[in-house]
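>>> fold the following, please.
(2 chains)
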Protein chains: 2
Amino acid sequence: MVQTILGKKDFIESLRGKSCTFLLSLSNTKTANIKGISQAGIPGMLYLTPTLDAEFLATGEVRSLKDIASTPKGVPTPALISRAIHLLKPFRNIEFLNLGLEKSLDIDYFKIHNFDIKPSGSIEDGANIDAIDIFEKGVQFGQQYKPDSDYVILGESVPGGTTTALATALALGYDCNDKFSSSFKDVPNSIKNSVVSKALQLSLKENELFAKLSVVADNMLLFNAGFILGSIEKDYRLILAGGTQMAGVLLVVNSILKTMQGDIDSSKLALCTTKWVYDDPNSDLKGLLELLDFDINAYYSEFDFGLSNHMALKLYDKGEAKEGVGAGGALVYGSLNGLDKQSITTCVENFLV
Amino acid sequence: MVQTILGKKDFIESLRGKSCTFLLSLSNTKTANIKGISQAGIPGMLYLTPTLDAEFLATGEVRSLKDIASTPKGVPTPALISRAIHLLKPFRNIEFLNLGLEKSLDIDYFKIHNFDIKPSGSIEDGANIDAIDIFEKGVQFGQQYKPDSDYVILGESVPGGTTTALATALALGYDCNDKFSSSFKDVPNSIKNSVVSKALQLSLKENELFAKLSVVADNMLLFNAGFILGSIEKDYRLILAGGTQMAGVLLVVNSILKTMQGDIDSSKLALCTTKWVYDDPNSDLKGLLELLDFDINAYYSEFDFGLSNHMALKLYDKGEAKEGVGAGGALVYGSLNGLDKQSITTCVENFLV
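So this is what the prediction gives:
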């Protein structure tokens, strides 16, 4: 059920039977408000998506709204998948990183790490992030954080995040125009391209790395790049759970290392994603990871909704939604703990009845 | 699913819900190269069997060869059973003890304990082991080893190991000529007897216990006898997972204790094996254990391939292969954790498709 994209199978196999903390980074970028840029949520209320995803993952309820976030085509959030895994084989802990939310979580009994971070601006007009500050908050958190488990899965919910990730990677000089994914099957390229090229023009005015990032990035990319570099000396393994956005985080790490002439021992680091991202003809996750100057272990779960007759879930297999809320990492964790396709499918279907 | 051979059911019942480390001791003895002595592996490449078993258990891949080790009759290695259990209900840790391998493991992310031990010689010509050194390495390891779990299962993969175990027990003076098992159903007694009697003649020239062991034993028997004596004061339970070879380890312990006029509190020690060993008309595990001067808890798993139609697996039920790679202990662990016969059978069958 787990396939290797890059690196050796050993890394992921050695996590069988190990305990896992699920960290979910949540952030809003006003980039998501641009019409047609994302379908990760309810039109006009996309800003609520990370909040609702977190509430649903933790409690099975969407407290800040009546229904779970679904796309205009009715593709339900991948939070359903991560939640199903947690019901069938609970994570040791679920904790949240508030990296600038419009609406904070209505949750009492789960650890929410707050960093006094504001939602970032639209990259069309400049994201207006204090990039060094956000990055350093990530580094500090990475240095002090001690999970009560053998390894950590780090997921994200950031509507509009593939657009900011693409703009960021291009601004950093990576040749990756056709490598980034989207929550859409048929990527709205004209809108996205226009937003990204506006962002790039703004970033061209800046010379320095963090100054560029302040204009084109989002809080999740910056904070998690810091988190990786701050935690890399620790003795737990870290799995980035996501597709091209998490690859974007790694590209930021790569550029920072290059600028600082630093080095990274990436042997405790991996990326896990879904089959839908891996198979996506409109993006190239492996290609993105091969742009890195360090080695990275990467895997995907073979899970799909082939056993389901549910129309909304079938859309995943048609290339909509694909990834988010750590779904790929959660599915890999499920495989490592003996969950089979049928039980996951049934559990997800039960949310939609 | 778990039946008691000796001792009380309490020991094994008290391990339900407890976490378990699976330690696999791996060794080559040139005894396996004697034609017809073992069917644990590919003819001419039997020396690869422990390496392949370990790789398959840890990763599901056999990296040092194309196919999983199977016997000339096509009986697949019991590593399939241990791997299936690990997939369905992962061990807390899998670690390897390199007790003299011809080919080291191609594995990066699992703990491999190395002791600078060389493969042992054929007992036909004298095993040529520094028996005290290997034994003391086991004692030291037992004294310092701290598992990150409630109990430890100790398995082995040593082609030719039942022959060395038989020769060892006879050399130590135990009346056990008809009590040792073989990986064959129809034990090639003439070859085995000739090898064992040559080994015994060599051992008769020696008076001292360890001098005898240097001639007739293998590294696994010696190291694990030391491991047991070194770890017996620790607060975790130790399960020897194996058939008559593990009984051989206990007989070595017994002889060493007798020689040293020592004593053992064996209340934290047990042996677990398969039904195929327990039912074997050609050997007598219980009889071997009753030769010990201390009490021992012993159990077997009732698992068999009665639910399978797979020809290669059916051979187990006909008395081929029987045990190895800790299969009996793994099956008992599976039972203690709620796995049923059907799910184990299906999982093993899936490896062979």
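
>>> tell me where the stretch 1-150 of chain A has helices.
A:9-13, A:49-59, A:79-88, A:131-144 (DSSP state H, counting those that start in this stretch).

>>> same check on the stretch 251-353 of chain A?
Under DSSP H, counting those that start in this stretch, the stretch 251-353 of chain A gives helices at A:275-278, A:285-289, A:311-317, A:327-336, A:341-352.

>>> can you redo the ones you listed as a markdown table with mean pLDDT and mean neighbour count?
Any C-beta I mention is one placed from the backbone N, CA and C, and that applies to glycine too. Conversion of these to a markdown table gives the following (pLDDT from 0 to 100; neighbours: other Cβ atoms under 10 Å in any protein chain shown):
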| stretch | mean pLDDT | mean neighbour count |
| --- | --- | --- |
| helix A:275-278 | 97 | 23 |
| helix A:285-289 | 97 | 20 |
| helix A:311-317 | 93 | 18 |
| helix A:327-336 | 97 | 29 |
| helix A:341-352 | 96 | 17 |
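
>>> hmm, back to that, and the helices of the stretch 1-150 of chain A: which comes nearest residue A:241?
helix A:79-88 (8.4 Å; Cβ to Cβ).

>>> taking chain A, what residue is nearest to chain B?
At 2.9 Å from chain B, residue A:17 is the closest residue in chain A, using Cβ to the nearest Cβ.

>>> what residues does the stretch 251-353 of chain A have near chain B?
Residues of the stretch 251-353 of chain A lying close to chain B (Cβ under 8 Å from any Cβ of the partner chain) are A:336-338.

>>> about what we covered before: ok, the residue of chain A closest to chain B - contacts?
A:336-337, B:86, B:90-93 (Cβ atoms under 8 Å, 6 or more residues apart in numbering or on different chains).

>>> roughly how far does residue A:199 sit from residue B:309?
61 Å (Cβ to Cβ, to the nearest Å).

>>> and the two? which has more neighbours close in?
residue A:199 (27 against 9; other Cβ atoms under 10 Å in any protein chain shown).

>>> and that one, what's its pLDDT?
Residue A:199 carries a pLDDT score of 96 in this model.

>>> tell me the first helix or strand C-terminal of the helix or strand harbouring it.
Using DSSP states H and E, residue A:199 sits within helix A:189-204. Next helix or strand after helix A:189-204 toward the C-terminus (DSSP H and E): helix A:209-216.

>>> and the next helix or strand past that next one?
According to DSSP H and E, the helix or strand after helix A:209-216 is helix A:219-231.

>>> just checking, what packs against that next one?
Secondary-structure packing of helix A:219-231 (3 or more Cβ pairs under 8 Å, 6 or more residues apart in numbering or on different chains; DSSP states H and E): strand A:20-26, helix A:131-144, strand A:151-157, helix A:161-171, strand A:237-241, helix A:244-260.

>>> got the ones you listed as CSV, with mean pLDDT and distance to residue A:193 columns?
As requested, the helices and strands packed on helix A:219-231 are exported to CSV (pLDDT from 0 to 100; distance: least, Cβ to Cβ, whole Å):
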stretch, mean pLDDT, distance to residue A:193
strand A:20-26, 98, 27
helix A:131-144, 98, 24
strand A:151-157, 98, 23
helix A:161-171, 96, 9
strand A:237-241, 98, 26
helix A:244-260, 97, 16
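
>>> hey, which of those is tucked in deepest?
Of all the helices and strands packed on helix A:219-231, helix A:161-171 has the most neighbours on average by mean count of other Cβ atoms under 10 Å in any protein chain shown, namely a mean of 28.

>>> please state the offset of that helix from the chain centre?
Remark: helix A:161-171 is offset 13 Å from the chain centroid, using Cα atoms, centre = their mean, to the nearest Å.

>>> relative to helix A:189-204, how tilted is that helix?
50 degrees (axes from the mean of the first three to the mean of the last three Cα atoms, to 10 degrees).

>>> quick one: helix A:161-171 to helix A:244-260, angle?
Going by the same axes, to 10 degrees, helix A:161-171 makes 30 degrees with helix A:244-260.

>>> counting by contacts, list what helix A:161-171 packs against.
Here helix A:161-171 touches helix A:189-204, helix A:209-216, helix A:219-231, helix A:244-260, going by 3+ Cβ pairs under 8 Å, 6+ apart.

>>> what separates residue A:112 from residue A:24, distance-wise?
10 Å.

>>> what does residue A:319 give?
On the measure of Cβ to Cβ, residue A:319 and residue A:24 end up 24 Å apart.

>>> with residue A:44 instead?
Taking Cβ to Cβ, one finds residue A:44 at 24 Å from residue A:24.

>>> same deal with residue A:115?
For residue A:115 relative to residue A:24 (Cβ to Cβ), the value is 14 Å.

>>> hang on, the earlier thing: filter the contacts of residue A:17 down to just the ones in strands.
residue B:93 (DSSP state E).

>>> is it possible to get a markdown table of the contacts of residue A:17 that adds distance to residue A:170?
A markdown table is the format used below for these (distance: Cβ to Cβ, whole Å):
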| residue | distance to residue A:170 |
| --- | --- |
| A:336 | 35 |
| A:337 | 38 |
| B:86 | 44 |
| B:90 | 41 |
| B:91 | 45 |
| B:92 | 45 |
| B:93 | 43 |
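
>>> got the contact list for residue A:202?
By Cβ under 8 Å, 6+ apart, the contact set of residue A:202 is A:123, A:125-126, A:215-216.

>>> so can I have JSON lines of the helices and strands packed on helix A:161-171 showing distance to residue A:268?
What follows is those, written out as JSON lines (distance: least, Cβ to Cβ, whole Å):
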{"stretch": "helix A:189-204", "distance to residue A:268": "32"}
{"stretch": "helix A:209-216", "distance to residue A:268": "25"}
{"stretch": "helix A:219-231", "distance to residue A:268": "9"}
{"stretch": "helix A:244-260", "distance to residue A:268": "14"}
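
>>> for residue B:243, which of these is the nearest?
Closest of these to residue B:243 is helix A:219-231, at 45.7 Å (criterion: Cβ to Cβ).

>>> the closest one versus helix A:49-59: what angle between them?
Using the same axes, to 10 degrees: helix A:219-231 against helix A:49-59 is 50 degrees.

>>> now find how far off-centre helix A:219-231 is within its chain.
Distance of helix A:219-231 from its chain centroid, counting by Cα atoms, centre = their mean, is 12 Å.

>>> check contacts around the closest residue to residue A:59 other than its chain neighbours.
The shortest distance from residue A:59 to any non-neighbouring residue, by Cβ to Cβ, 6 or more residues apart in numbering or on different chains, is to residue A:107 (6.7 Å). Contact analysis of residue A:107 by Cβ under 8 Å, 6+ apart lists A:54-55, A:58-59, A:63, A:96.

>>> how many neighbours does residue A:44 have?
By other Cβ under 10 Å, neighbour count at residue A:44 equals 9.

>>> excluding covalently adjacent residues, which one is nearest to residue A:344?
Per Cβ to Cβ, 6+ apart, closest to residue A:344 is residue A:84, 5.5 Å.

>>> from residue A:18, how far off is that neighbour?
Relative to residue A:18, and taking Cβ to Cβ, residue A:84 is found at 20 Å.

>>> look at these two and report which has more neighbours.
Neighbour totals were compared for residue A:84 and residue A:18, and residue A:84 leads with 24 against 19 (other Cβ under 10 Å).

>>> pretty sure the more buried one contacts residue A:351?
Yes - taking contacts as Cβ atoms under 8 Å, residue A:84 lies within contact range of residue A:351: 7.3 Å.

>>> just list whatever residues bridge to the most centrally placed residue in chain A.
Nearest to the mean C-alpha position of chain A, by Cα atoms, centre = their mean, lies residue A:156 at 3.6 Å. Under the criterion DSSP bridges, residue A:156 forms beta bridges with residue A:25.

>>> ok, residue A:114 next?
Per DSSP bridges, the residues bridged to residue A:114 are residue A:98.
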